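Q: A structural model of the following input is requested.
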Amino acid sequence: MRFLRHSLSGLFLLCLTLGLLALAGQLVFSAVQERISAEPEVPERRERVFAVNVIDAQEQTIRPILTAFGEVQSRRTLEIRAKASGTLVELAEEFEEGGQVQAGQVLGLIDPADAYSTLERTKSDLLDAQAEVREAARGKGLAEDEVGSAREQAALRERAYQRQLDLETRGVGTAATVEVAELAAAQARQAVLSSRQALAQAEARVDQADNRLARAEIARDEAERRVADTKIVAGFAGTLADVSVVQGGLVGTNEQLALLIDPQTLEVAFRISTAQYGRLLDASGVLMNAPAQVRMETFGLELTTTAVISRDSAAVGEGQTGRLLFAAMDEPGGMKPGDFVTLRIEEPALHNVVRLPATALGSDSRVLVVEDDARLGSVPVVLLRRQGDDILVRASGLKGQRVVTDRSPLLGKGIKVRVLDDNASAATDDTAMLALSEDRRARLIAYVEADTKMPKDVKTRLLSQLSEAQVPARMVTRLERRMGG
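A: Sure, this is the predicted structure:
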């Protein structure tokens, strides 16, 4: 009886188990079939809205600034060299590095003993030449007198000869007498020739004396120049540099002793590109005398002065590009030759141009503008100049548009955007505070509460700040940038 009861109990449990397994299989099969046959539910997706900063495009007239770098140099630099060799016996107190000298000031003296000796010899030779000139002149005078006397004697002899011929014609004279008179006349003529030859020699002596006098004067002048060359004289008022002499030292001919620099006539030599050079030409192709500002910064000290472009180089130069220009400085302004400076040159004015941040221009030469439906549009522009972090552009239909200041790969034509408030976009100070609208506050709070990656202490602090009346502008800008991408 017990065996039958246990058997029936086991059979009942087996049937119950099989029934439960069948029910479970039926439930699983029904769920799978329902899942397969059910239509998928697509969640509603909202269009992503990006937050952007904008700037109003205003056309205006702007004078672009061309920035260049150059080196200060002096327009008047003189190499002081020794014109004679010898020992420096005197040096001026100002003949030192940085010494201020005046025009015509004697800076040093080379031992002039030999030069003076040569000068005295040339003066003595000049006196001899002058005496020779006087003696030659007296000899010439005597020779002229002798020629005159010989001519008078020849005339007398000729008349005597003619008288004897006349007497012979009348039968009074004899042939012998005529021959004697004729011979005397011929001798007189010969005496005239001799005296003329003596006069020619006297004139040649005078010419030789004059030439000797001229050579003596030239020698004397050369000796005086050599004496003058022993003096080292400043050619103009300026400052001495690279002084390399001491009193008592030996110097050679043409040895450089120092440099004389005029600190008041400075200019800046700078090189620019050919395109930039073309913008500084007038309608006739002549370089304009454009004004410029010269600035030098060193260890927090800034030296500034004004300058005017004066000229450009005649050739490009081997291995060089662009153009080399020179700007004459109005005042030194504490600058010295050799200083490296920055020039800001005013170019001709550009009309009807718009100044934008450089980040607003895309690689396709277009800018993004916010249209009336809060979507982005693309406007092609012509880039005219780059001015630091800004650009100057020109385009038709750009006036009055709201231009996106910061381009990113996520922004493009047709994208829906939200323009940030001017106060929020302009706030750069940690202490700047904003008063939020209720919708804006609720949107920020919801974003902070939904952020699961944010630490709890940071989330608590942000929620506490967002619940106040005045909210830090920097925090609002950062959260909205995260929300808008």
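Q: all helices of this protein, in order?
A: Assigned by DSSP state H, the helices in the chain fall at 2-37, 113-169, 175-229, 274-278, 422-426, 438-450, 456-466, 473-484.
Q: any idea which of these scores lowest on pLDDT?
A: With a mean of 43, helix 422-426 has the lowest mean pLDDT of the helices of the chain.
Q: Out of the helices of the chain, the one nearest E267 is which?
A: helix 274-278 (17.3 Å; C-beta to C-beta). Every residue, glycine included, has its C-beta placed from N, CA and C.
Q: Show me what the closest one is packed against.
A: Applying 3 or more C-beta pairs under 8 Å, 6 or more residues apart in numbering; DSSP states H and E, one finds that helix 274-278 contacts strand 323-329.
Q: just to revisit the earlier point, highest average neighbour count across the helices of the chain: which stretch is it?
A: Stretch with highest mean neighbour count among the helices of the chain: helix 473-484 (a mean of 17; mean count of other C-beta atoms under 10 Å).
Q: Can I get that helix in PDB, CA atoms only?
A: Output in PDB follows, covering the C-alpha atoms of helix 473-484 (Å, rounded to 0.1, in the frame of the first residue of the first chain):
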ATOM      1  CA  ALA A 473      29.200  84.300 -17.100                       C
ATOM      2  CA  ARG A 474      32.300  82.100 -17.700                       C
ATOM      3  CA  MET A 475      30.500  79.100 -16.300                       C
ATOM      4  CA  VAL A 476      27.400  79.700 -18.400                       C
ATOM      5  CA  THR A 477      29.500  80.100 -21.600                       C
ATOM      6  CA  ARG A 478      31.300  76.800 -20.900                       C
ATOM      7  CA  LEU A 479      28.200  74.800 -20.200                       C
ATOM      8  CA  GLU A 480      26.400  76.200 -23.300                       C
ATOM      9  CA  ARG A 481      29.400  75.300 -25.500                       C
ATOM     10  CA  ARG A 482      29.200  71.700 -24.200                       C
ATOM     11  CA  MET A 483      25.400  71.600 -24.800                       C
ATOM     12  CA  GLY A 484      25.700  73.100 -28.300                       C
END
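Q: quick check: domain ranges of the protein?
A: Following automatic domain parsing, one finds the domains of the chain at 113-229, 421-485.
Q: mind giving me TSV with the helices of the chain and columns for distance to T239?
A: Formatted as TSV, the helices of the chain follow (distance: least, C-beta to C-beta, whole Å):
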stretch	distance to T239
helix 2-37	97
helix 113-169	30
helix 175-229	24
helix 274-278	33
helix 422-426	51
helix 438-450	67
helix 456-466	64
helix 473-484	54
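Q: which stretch among those helices comes nearest L250?
A: When the helices of the chain are compared by C-beta to C-beta, helix 113-169 sits nearest L250, at 13.8 Å.
Q: So which residues make contact with the biggest strand by length in the chain?
A: Longest strand in the chain by number of residues (criterion: DSSP state E): strand 301-312. Residues outside strand 301-312 that contact it (C-beta atoms under 8 Å, 6 or more residues apart in numbering): 267-268, 277, 280, 287-297, 323-335, 343, 345.
Q: Next: stretch 378-385.
A: 64, 347, 350, 353-354, 361, 365-369, 391-395, 397-398, 401, 412-413.
Q: for that stretch, the distance to its chain's centre please.
A: 30 Å (C-alpha atoms, centre = their mean, to the nearest Å).
Q: how about it as PDB, C-alpha atoms only?
A: C-alpha atoms of stretch 378-385 as PDB (Å, rounded to 0.1, in the frame of the first residue of the first chain):
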ATOM      1  CA  SER A 378      27.600  80.900 -46.700                       C
ATOM      2  CA  VAL A 379      28.800  84.100 -48.300                       C
ATOM      3  CA  PRO A 380      31.900  84.300 -50.500                       C
ATOM      4  CA  VAL A 381      34.300  87.100 -49.600                       C
ATOM      5  CA  VAL A 382      37.500  88.600 -51.000                       C
ATOM      6  CA  LEU A 383      40.400  88.600 -48.500                       C
ATOM      7  CA  LEU A 384      42.200  92.000 -48.800                       C
ATOM      8  CA  ARG A 385      44.500  92.100 -45.800                       C
END
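Q: Could you export the domains of the chain as TSV, including distance to L383?
A: TSV is the format used below for the domains of the chain (distance: least, C-beta to C-beta, whole Å):
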stretch	distance to L383
domain 113-229	63
domain 421-485	24
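Q: Restricted to buried residues, select the contacts of strand 301-312 in PyMOL.
A: Per 16 or more other C-beta atoms under 10 Å, the buried members of the contacts of strand 301-312 correspond to this PyMOL selection:
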select buried, resi 267+268+277+280+290+292+293+294+295+296+323+324+325+326+327+328+329+332+333+335+343+345
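Q: Of the contacts of stretch 378-385, keep whichever come out buried.
A: Judged by 16+ other C-beta under 10 Å, buried ones among the contacts of stretch 378-385: 64, 347, 350, 353-354, 361, 366-369, 391-393, 395, 398, 401.
Q: Verify the stated contact: R386 with P357.
A: No - using C-beta atoms under 8 Å, R386 is not in contact with P357; the gap is 11.2 Å.
Q: So if I had to pick from those two, which one is more boxed in?
A: Applying other C-beta atoms under 10 Å to R386 and P357 shows that P357 carries more neighbours, namely 16 against 13.
Q: How about the contacts made by the more buried one?
A: Residues near P357 by C-beta under 8 Å, 6+ apart: I55, D389, D390, I391, T405, D406.
Q: ok, and the most crowded of these?
A: Neighbour max across these (other C-beta under 10 Å) = I391, 21 neighbours.
Q: If you count neighbours, what's buried in the longest strand of the chain?
A: Going by 16+ other C-beta under 10 Å, strand 301-312 has these buried residues: T305, A307, I309.
Q: What strands flank that strand, and is each parallel or antiparallel?
A: The strands beside strand 301-312 in its sheet (DSSP bridges) come out as strand 291-298 (antiparallel), strand 323-329 (antiparallel).
Q: on that earlier part again, mind putting the buried residues of strand 301-312 in CSV, distance to E79 included?
A: Formatted as CSV, these follow (distance: C-beta to C-beta, whole Å):
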residue, distance to E79
T305, 27
A307, 26
I309, 28
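Q: Let me have the residues you listed in a markdown table, extended by pLDDT and distance to Q256.
A: Formatted as a markdown table, the buried residues of strand 301-312 follow (pLDDT from 0 to 100; distance: C-beta to C-beta, whole Å):
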| residue | pLDDT | distance to Q256 |
| --- | --- | --- |
| T305 | 92 | 30 |
| A307 | 93 | 30 |
| I309 | 93 | 32 |
